[in-house]
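Provided below are the primary sequence and the corresponding predicted coordinates.
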Amino acid sequence: MTSLADQAIRWHEDRLLLLDQRALPNQVRFVECTRVNEVVAAIREMVVRGAPAIGVSAAYGVVLGAREHFAACPDDWVERMEADLQALAQARPTAVNLKWAIARMREVMARTGPGDPEPGLLQAARRLHEEDVQANRALGGYGASLLEDEAIVLTHCNAGALATGGYGTALGVIRSAHAQDKIKAVYADETRPWFQGTRLTAWELLQDDIPVTVICDSAAASLMRQQQLAWVIVGADRVARNGDVANKIGTYALAVMARQHGVGFMVAAPTSSIDLQVGSGAGIEIEERSQQELTQFHEVAFAPADAGVWNPVFDITPAGLVTALVTEKGVVHAPDEEKILALVQD
Ligand code: MRU
């Protein structure tokens, strides 16, 4: 099953089209990118967001950069690309998929012979895109197999088709489980301050005719107390070697609440989100975004001008709170370093 959300990242003729996630759900519009710096801006400004989605977009950004630099200087386009590769990698710091995708494209660049690099790089970007969709379909199946019938689940942020190359991670699990008729109800945290839950997850699930109930983030503990929740299901921006998980701010609080209420805590992520270079969550850079995200709504200020603001947009959930890490290579129960190394190196 594909939906509009599954086509949020498209290569059309000679350009990259990105479904503008800032405008959803009220407006469906695409941002066109023909230059690599437009892709950098789109990632930074959250036209496209979600760890695998920004990785896939960056891969297409490399194609656009190579086209520009090869046209200007066919002999040293690779060297001229370096600043653009750095800008892409730094557009958002927490999701490792961005660096992972750029590393993959660097390998292809290094193997490219003389002549126009665009066809080879485009083929590589398309392959990376397709692999992400396949990984999500596989992990969706593994995650769904952990759910009993009549499952009530809660998800946070948007880890759906919009946040990936297609199909989604956490929402991939929910889509697969829904197709197997295992889902009784899906709750979506609104996910302050950017409202990925209210605006994106709710829209995306309804596109698939999956009923959803939005709650404010602070209602999650009451929900767990009053309903027999089976699982909290979230995605990841980066999983450290020991299984610590960086994900949208509020994920850690949900994991603590889930443990308190005996609810399973599932992290659904492709292995491209696992960073073996980082030993634990302490080594993961947490992005902080603008104060205005907390003090304004649609440019209307609602906080006193002199109030201090701290706006970290991700947090770290310790591995000890994760019941299952679900990847395209299979499920790791109670993840730790040994199990993660075995999974990745398999
Ligand atoms: O700031 P965002 O919207 O890019 O944050 C996205 C998340 O935290 C997602 O949960 C994560 O990237 C996993 S997406 C499959």
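Noted; the coordinates are in hand.

element containing Leu16?
Using DSSP states H and E, Leu16 sits within strand 15-19.

from the contact counts, what lies against that strand?
strand 9-12, strand 30-33, helix 51-72 (3 or more C-beta pairs under 8 Å, 6 or more residues apart in numbering; DSSP states H and E). Quick note: C-beta positions are derived from backbone N, CA and C, even for glycine.

swap in 10 Å and give it another go.
strand 9-12, strand 30-33, helix 36-44, helix 51-72 (3 or more C-beta pairs under 10 Å, 6 or more residues apart in numbering; DSSP states H and E).

closest to the ligand out of the ones you listed?
Nearest of these to the ligand, taken as C-beta to the nearest ligand atom: helix 51-72 at 3.5 Å.

off-centre distance for the following helix or strand past the closest one?
Where DSSP H and E defines the elements, the next helix or strand beyond helix 51-72 is helix 77-80. Remark: helix 77-80 is offset 29 Å from the chain centroid, using C-alpha atoms, centre = their mean, to the nearest Å.

and if you look at stretch 151-161?
Put simply, stretch 151-161 sits 12 Å off its chain's centre (C-alpha atoms, centre = their mean).

can I get that stretch in CSV, CA atoms only?
Output of stretch 151-161 as CSV, limited to C-alpha atoms (Å, rounded to 0.1, in the frame of the first residue of the first chain):
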residue,chain,number,x,y,z
ALA,A,151,-3.3,-4.1,20.9
ILE,A,152,-3.6,-0.5,22.1
VAL,A,153,-0.4,1.4,21.2
LEU,A,154,1.0,4.9,21.7
THR,A,155,3.5,6.5,19.4
HIS,A,156,5.5,9.8,19.7
CYS,A,157,6.6,12.3,17.1
ASN,A,158,6.3,11.1,13.5
ALA,A,159,8.3,8.0,12.6
GLY,A,160,6.2,7.2,9.5
ALA,A,161,6.5,7.3,5.8
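
and stretch 179-190, anywhere near the ligand?
No - counting by C-beta under 6 Å from any ligand atom, the ligand has no neighbours in stretch 179-190; the shortest distance is 10.7 Å.

endpoints of that stretch, how far apart?
24 Å (C-alpha to C-alpha, to the nearest Å).

who touches the residue of the chain found nearest the ligand in this structure?
Among all residues of the chain, Gly235 sits closest to the ligand, at 2.8 Å; criterion: C-beta to the nearest ligand atom. The contact partners of Gly235, taken as C-beta atoms under 10 Å, 6 or more residues apart in numbering, are 50-52, 95, 136, 155-160, 163-164, 168-173, 245, 247-248, 251, 267-270, 273.

go back to these and keep what's next to the ligand.
50-52, 95, 157, 159, 163-164, 169, 247-248.

can I get these in TSV with pLDDT, distance to Val309 and secondary structure?
Below are these laid out as TSV (pLDDT from 0 to 100; distance: C-beta to C-beta, whole Å; DSSP: H, G, I helix; E, B strand; the rest coil):
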residue	pLDDT	distance to Val309	secondary structure
Gly50	98	24	coil
Ala51	98	25	helix
Pro52	98	29	helix
Ala95	97	23	coil
Cys157	98	20	coil
Ala159	98	26	coil
Ala163	98	25	helix
Thr164	98	30	coil
Thr169	98	30	coil
Asn247	98	21	strand
Lys248	98	18	strand
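
and those residues as CSV, adding neighbour count?
Formatted as CSV, these follow (neighbours: other C-beta atoms under 10 Å):
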residue, neighbour count
Gly50, 30
Ala51, 28
Pro52, 33
Ala95, 31
Cys157, 29
Ala159, 33
Ala163, 31
Thr164, 34
Thr169, 33
Asn247, 29
Lys248, 28
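
quick one: which of those residues is nearest to Glu131?
Pro52 (10.0 Å; C-beta to C-beta).

enumerate every residue touching the residue lying closest to that closest one once chain neighbours are set aside.
Excluding its sequence neighbours, the residue lying closest to Pro52 (C-beta to C-beta, 6 or more residues apart in numbering) is Thr164, at 4.0 Å. Neighbouring residues of Thr164 by C-beta under 10 Å, 6+ apart: 5-6, 8-9, 50-56, 97, 129, 132-133, 135-136, 158, 170-172, 235, 269-270.

so Thr317 sits against Asn247, correct?
Yes - the criterion here is C-beta atoms under 10 Å, and Thr317 meets it with Asn247 at 6.7 Å.

any shared contact partners between the two?
Contacts common to Thr317 and Asn247, judged by C-beta under 10 Å, 6+ apart, are 234, 236, 239, 254-255, 267.

farthest pair within the residues you listed?
Using C-beta to C-beta, these span at most 16.3 Å, a distance reached by Val239 and Leu254.

which one's more surrounded, the two?
Between Val239 and Leu254, counting by other C-beta atoms under 10 Å, Val239 is the more crowded of the two (32 against 26).
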